[in-house]
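**Student:** can you look at this prediction? I've put the sequence above it.
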Amino acid sequence: MGPSGGSMLDLDFSAGAIFADKVFNHCGRSIHSTDDTGHFIMVVSFSRHIFRLDDDSVAAALESTIGGSAIDMSVQFIKDKVFSFIVSCKRVGLLILQLRSFACPQFKCFFHLWGNGGPNWKHEFIIWKKE
C-alpha cells in the first residue's frame, strides 16, 4: 500500500515525509527495513480514529505519521486498537518512541516498545515517573 491507499482515508503524508527525512539525517537509515538483516518491533495503539482499524489502514496511518513504506512495516493486529509494526533498527524505533504520540483529525496514536507481546507499560511508566 502506498500513498494512494491512504488517500482513501484522507490522510496527509507530509508529516511522515518530514519525520522520515529527520530519521535518515540522524542515523542514516530508512524507517522500514530494506533488507532481512535487521529490524525492530514497535507497537502502536489508537485512542481515536474515524476509519476502521485493520492492518492496511494502520499501515497507511503509520506512513502518514512516520514515513517509510506502509507495506514494508509489516503491520499486524495484536488486540483491540493495538498493532505491531517493524522498523529498520533499534535507533529508528527509539526516535519513533520519542514522538510518544501523533494526532491529526483522522486519528490519534501512541507509540510503545514491544514487551511481552504488547506495549511495555511498566517500563514506560518507570521512565515517565523519572521525568
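**Tutor:** Yep, it's here.

**Student:** what's the burial count for His32?
**Tutor:** When neighbours are defined as other Cβ atoms under 10 Å, His32 has 23 of them. In this view, the C-beta of every residue, glycine as well, is placed from N, C-alpha and C.

**Student:** ok, for it, nearest residue in space, not its chain neighbours?
**Tutor:** Using Cβ to Cβ, 6 or more residues apart in numbering and skipping the chain neighbours, the partner closest in space to His32 is Asp72 (3.7 Å).

**Student:** list the contacts of that neighbour.
**Tutor:** His32, Ser33, Thr34, Ile86 (Cβ atoms under 8 Å, 6 or more residues apart in numbering).

**Student:** also Ser64?
**Tutor:** Gly6, Leu11, Asp12, Phe13, Ala15, Gly16, Cys104.

**Student:** how about 7 Å then?
**Tutor:** Gly6, Leu11, Asp12, Phe13, Ala15, Gly16 (Cβ atoms under 7 Å, 6 or more residues apart in numbering).

**Student:** and which of the residues you listed is nearest to His49?
**Tutor:** Nearest to His49 among the contacts of Ser64: Leu11, at 11.2 Å, using Cβ to Cβ.

**Student:** tell me the spacing between that closest one and Leu62.
**Tutor:** Separation of Leu11 from Leu62 (Cβ to Cβ, to the nearest Å): 10 Å.

**Student:** between those two, which one's more packed in?
**Tutor:** Shown here are Leu11 and Leu62; by other Cβ under 10 Å, Leu62 has more neighbours (28 against 23).

**Student:** check which residues of the strand or helix carrying the more buried one are buried.
**Tutor:** Leu62 belongs to helix 55-66 when assigned by DSSP states H and E. For helix 55-66, a neighbour-count test (16 or more other Cβ atoms under 10 Å) marks Asp55, Asp56, Ser57, Val58, Ala59, Ala60, Ala61, Leu62, Glu63, Ser64, Thr65, Ile66 as buried.

**Student:** how far off centre is that helix?
**Tutor:** 7 Å (Cα atoms, centre = their mean, to the nearest Å).
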